[in-house]
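Asks: Structure here, sequence nowhere to be found:
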């Protein structure tokens, strides 16, 4: 089953960052950079294109681990929109190369791995357990833009042209 | 207009990291790594080569967003010195591929995007609005070396040799 | 002297991540991603394969800078196991391309560079002062998984096949 077919089966709503380009929200950054078969994506959060944040706050304080997980999942779904913008179709993705996940949390929050799995599970569902598996680290940080609790810094491997 | 010509027009003072190499300050790290056309740079802060920090402190507490912006701009100017060391000339830069910006801030500081624009605007001025636009994320963190408030982790795309 | 010979001389105990693969600990992430000659590694901490953390805690509070250094060194030794898994032998490593080090610390902790040298010194010992020298940044963060105080996000350059 191709990634685009899986997206249809899963019923995922993927934001269209092409019209207007990248949602018209970013004047000084770009959505992606392709160098050979590596595609770097701009940092992505669990926001709607209109800027509505799914779960604003801090994991371990006003947010639980489950809300962090959901934010990571939505951010990962949003990156699918960036991949379509970069490559035309998710079927041009060979795999997720790297996933550096930043999580706003309290000083004593340890379960960063579970939050990060919100993205890891989504990628496995869409690209399969092999291609969807990325090198990964989840890092607890002080703050993110617009009170988002998760931001993903993703590198994708495109199918060789 | 070439990037080197733009640097002259803008009157930018770019530190020379070649004499002594990389300012003689770093014994165990290197300034850049080139792999194909990708050039990774060591983390860069808004310091003079002598180690004088432009705005030491924490954005949202002892520093305002404008001082964070200025620190990101100076750090970006410093990375131009690393690019010259890596490539001989800024005219050999095809574009800025990635810009991961770390900002020391308070827990409730949200406006990381504006701080990061200090670097984004500088790159657009020097390389133009297309080549100077990078994939970007700004992450609020606990601390950085020597009380710097901004550190840039930059990947550059070099012109194909 | 080859890196594998240096490891023997130094008497380093390197964990075997191949049996079971990657220690059987990670179901949703992978140990490494190779793209051309670049090899990205998953985030690595100073833990045994059984999950015993060398120095749990926060540098500047319950941990001193020396314990941070030791944690970074053990994490770097652990990445040697990932490099063997990725490339078969450390002798296939051309150099360490990038080393982004995350350190759990207090808000006023400044000496991130010394903590990061725990990894930098280890790489220099094994790969030599040139190939072991990486682009580097050390970033102070809020928290890491399982109370680790250091996590390394490493990119390796493999010898051209």
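Replies: Here it is on my side, so go on. As the structure is a prediction and not an experimental result, all values here were calculated from the model.

Asks: which residues touch the closest residue to chain B within chain A?
Replies: Using C-beta to the nearest C-beta, the single residue of chain A nearest to chain B is residue A:43, 2.5 Å away. C-beta coordinates here come from the backbone N, C-alpha and C atoms, glycine included. When the contact criterion is C-beta atoms under 8 Å, 6 or more residues apart in numbering or on different chains, the partners of residue A:43 are A:102, A:151-153, B:100, B:135-139.

Asks: I'd like to know how many residues surround residue A:86.
Replies: For residue A:86, the neighbour count with other C-beta atoms under 10 Å in any protein chain shown is 20.

Asks: what's the neighbour count on residue A:63?
Replies: Counted with other C-beta under 10 Å, residue A:63 comes out at 22.

Asks: now that we have the contacts of residue A:43, which one has the most neighbours?
Replies: residue A:102 (32 neighbours).

Asks: okay, residue A:25: pLDDT?
Replies: Looking at residue A:25, its pLDDT is 69.

Asks: residue ranges with poor pLDDT in chain A?
Replies: A:25 (pLDDT under 70).

Asks: list the buried ones in the lengthiest strand in it?
Replies: When chain A is parsed with DSSP state E, its longest strand is strand A:93-104. Residues A:93-104 are the ones in strand A:93-104 that count as buried (16 or more other C-beta atoms under 10 Å in any protein chain shown).

Asks: again, but for stretch A:118-137
Replies: For stretch A:118-137, by 16+ other C-beta under 10 Å, it's A:118-127, A:131-137.

Asks: next one: stretch A:147-159
Replies: A:147-158.

Asks: Same question for stretch A:13-20.
Replies: A:14-15, A:17.

Asks: That stretch near chain B anywhere?
Replies: No - contact of stretch A:13-20 with chain B (C-beta under 8 Å from any C-beta of the partner chain) is absent, the minimum separation being 12.9 Å.

Asks: How about stretch A:118-126?
Replies: No - using C-beta under 8 Å from any C-beta, stretch A:118-126 stays clear of chain B, with a minimum separation of 14.4 Å.

Asks: The lengthiest helix in chain A and chain C, are they touching?
Replies: Longest helix of chain A, by residue count under DSSP state H: helix A:65-87. No - using C-beta under 8 Å from any C-beta, we find that helix A:65-87 stays clear of chain C, coming within 11.6 Å at best.

Asks: by how many degrees do that helix and strand A:93-104 diverge?
Replies: Counting by axes from the mean of the first three to the mean of the last three C-alpha atoms, to 10 degrees, helix A:65-87 points 140 degrees away from the direction of strand A:93-104.

Asks: near chain C, which of the buried residues of strand A:93-104 show up?
Replies: Within the buried residues of strand A:93-104, those near chain C by C-beta under 8 Å from any C-beta are A:95, A:97-100, A:104.

Asks: So residue A:41 sits against residue A:151, correct?
Replies: No - with contacts counted by C-beta atoms under 8 Å, residue A:41 stays clear of residue A:151, the gap being 11.1 Å.

Asks: show me the contacts for residue A:135.
Replies: Contacts of residue A:135 (C-beta under 8 Å, 6+ apart): A:97-99, C:29-33, C:40-43.

Asks: Can I get the buried residues of stretch A:147-159 in a markdown table including distance to residue B:48?
Replies: What follows is the buried residues of stretch A:147-159, written out as a markdown table (distance: C-beta to C-beta, whole Å):
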| residue | distance to residue B:48 |
| --- | --- |
| A:147 | 35 |
| A:148 | 34 |
| A:149 | 36 |
| A:150 | 36 |
| A:151 | 31 |
| A:152 | 35 |
| A:153 | 29 |
| A:154 | 35 |
| A:155 | 33 |
| A:156 | 38 |
| A:157 | 40 |
| A:158 | 41 |
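
Asks: Filtering the residues you listed by proximity to chain C, which remain?
Replies: Counting by C-beta under 8 Å from any C-beta, A:155, A:157 from those sit close to chain C.

Asks: which one of the buried residues of stretch A:147-159 is nearest residue B:50?
Replies: Nearest to residue B:50 among these is residue A:153, at 32.2 Å by C-beta to C-beta.

Asks: residue contacts, the nearest residue to the closest one once chain neighbours are set aside?
Replies: Nearest residue to residue A:153, sequence neighbours excluded (C-beta to C-beta, 6 or more residues apart in numbering or on different chains): residue A:100, at 4.2 Å. By C-beta under 8 Å, 6+ apart, residue A:100 lies in contact with A:136-137, A:139, A:152-154, C:43, C:153.

Asks: if I look at residue A:111, how far off is residue B:91?
Replies: Noted for residue A:111: a distance of 49 Å to residue B:91, by C-beta to C-beta, to the nearest Å.

Asks: whoops, I mixed them up, residue A:105
Replies: Residue A:105 is 44 Å from residue B:91, by C-beta to C-beta.

Asks: Settle it for me: which of these two has more neighbours?
Replies: residue A:105 (28 against 13).

Asks: surely that one meets residue A:140?
Replies: Yes - if you go by C-beta under 8 Å, residue A:105 and residue A:140 touch, sitting 4.3 Å apart.

Asks: Pull up the overlap in contacts between those two.
Replies: Between them, residue A:105 and residue A:140 share the contacting residues A:112, C:142-143, judged by C-beta under 8 Å, 6+ apart.

Asks: By neighbours, which of these wins?
Replies: residue C:142 (29 neighbours).

Asks: Just list whatever residues bridge to the residue of chain A found nearest chain C.
Replies: Minimum separation of chain A from chain C (C-beta to the nearest C-beta) falls at residue A:137, amounting to 2.5 Å. Counting by DSSP bridges, residue A:137 is bridged to residue A:100.

Asks: which residues sit in contact with it?
Replies: A:99-101, A:116, C:42-43, C:102, C:151, C:153.

Asks: Check residue A:4 too.
Replies: Contacts of residue A:4 (C-beta under 8 Å, 6+ apart): A:89-91.

Asks: any chance of these in TSV, plus secondary structure and distance to chain B?
Replies: Output for the contacts of residue A:4, formatted as TSV (DSSP: H, G, I helix; E, B strand; the rest coil; distance: C-beta to the nearest C-beta, whole Å):
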residue	secondary structure	distance to chain B
A:89	coil	20
A:90	helix	19
A:91	helix	22
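
Asks: what's the closest of those residues to residue A:68?
Replies: The closest of those, once distances to residue A:68 are taken by C-beta to C-beta, is residue A:90, at 24.8 Å.

Asks: so what's the closest one up against?
Replies: Residue A:90 neighbours (C-beta under 8 Å, 6+ apart): A:2-4, A:7, A:80, A:83-84, A:126-127.

Asks: Surely residue A:142 and residue C:142 touch.
Replies: Yes - the pair residue A:142 / residue C:142 is scored as a contact, 5.7 Å apart, by C-beta under 8 Å.
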